[in-house]
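S.K.: fold the following and give me the result.
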Amino acid sequence: MIKDTNDKTHHHHYVANQLMIIDDEKDLLFVYKSGLEIEGIQISTFDDPTLALEEFSKNSEKYCIVITDLRMPVMSGYEIINKFKFINPKIRIIMISAYNITEGEIIQNLDSNIKMDRLIRKPVTLEDLRKMIEDMWKEYKNTQ
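M.R.: Numbers count the residues shown, from 1 in each chain. Got it, this is the predicted structure:
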């Protein structure tokens with residue numbers, strides 16, 4: 001029997017391949033997006049955390065990794081982690097901060113069942129960020 005490759009009922013296990021970047025500084029978003037073009041990953045950027053949350057709640061299964069700034073008006077990086085992980089506990093989140101963050105501060109701000117995946121201090125080199133994303137993406141694909 002020949003299998004019809006166009007048969008949509010046998011869809012492959014879907015691997016999310018989108019990266020969401022949230023930062024209220026538009027110029028940084030541009031730098032990240034243009035500097036992080038990674039084979040096979042699509043990048044969506046949001047300078048408004050509220051819109052990012054709206055998109056994520058509708059399409060969380062498309063995303064494998066979210067990068068967020070810590071300090072933003074409207075919603076902090078902590079709130080984003082809490083809300084996004086509530087929607088999709090499998091999502092990997094990298095938080096970027098210009099400040100020293102203590103373990104205590106993290107514990108205080110994250111819901112008890114939620115852990116932070118990665119924390120990076122600014123200034124961030126695109127090379128380091130790209131390497132981190134590639135590692136996380138490999139990890140993510142292996143757990144699917």
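S.K.: quick one: average pLDDT of the longest helix seen in the chain?
M.R.: Criterion DSSP state H: the longest helix present in the chain is helix 126-143. Average pLDDT, helix 126-143: 86.
S.K.: return the set of buried residues in that helix.
M.R.: For helix 126-143, the buried set under the neighbour-count rule, 16 or more other C-beta atoms under 10 Å, comprises L129, M132, I133, M136, W137, Y140. Glycine gets a C-beta too; all of them are placed from N, C-alpha and C.
S.K.: okay, and the beta partners of the closest residue in space to D117 that isn't next to it in sequence?
M.R.: Excluding its sequence neighbours, the residue lying closest to D117 (C-beta to C-beta, 6 or more residues apart in numbering) is R92, at 4.8 Å. Under DSSP bridges, the beta-bridge partners of R92 are I65.
S.K.: the least confident helix or strand in the chain by mean pLDDT - contacts with which helices or strands?
M.R.: Least confident element among the helices and strands of the chain, by mean pLDDT, DSSP states H and E: helix 126-143 (a mean of 86). Where contact means 3 or more C-beta pairs under 8 Å, 6 or more residues apart in numbering; DSSP states H and E, helix 126-143 is packed against helix 26-35, strand 63-69, strand 92-97, strand 118-121.
S.K.: dump the ones you listed to a markdown table, plus distance to E105 and mean neighbour count.
M.R.: Shown next, in a markdown table, are the helices and strands packed on helix 126-143 (distance: least, C-beta to C-beta, whole Å; neighbours: other C-beta atoms under 10 Å):
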| stretch | distance to E105 | mean neighbour count |
| --- | --- | --- |
| helix 26-35 | 23 | 14 |
| strand 63-69 | 15 | 24 |
| strand 92-97 | 10 | 21 |
| strand 118-121 | 11 | 14 |
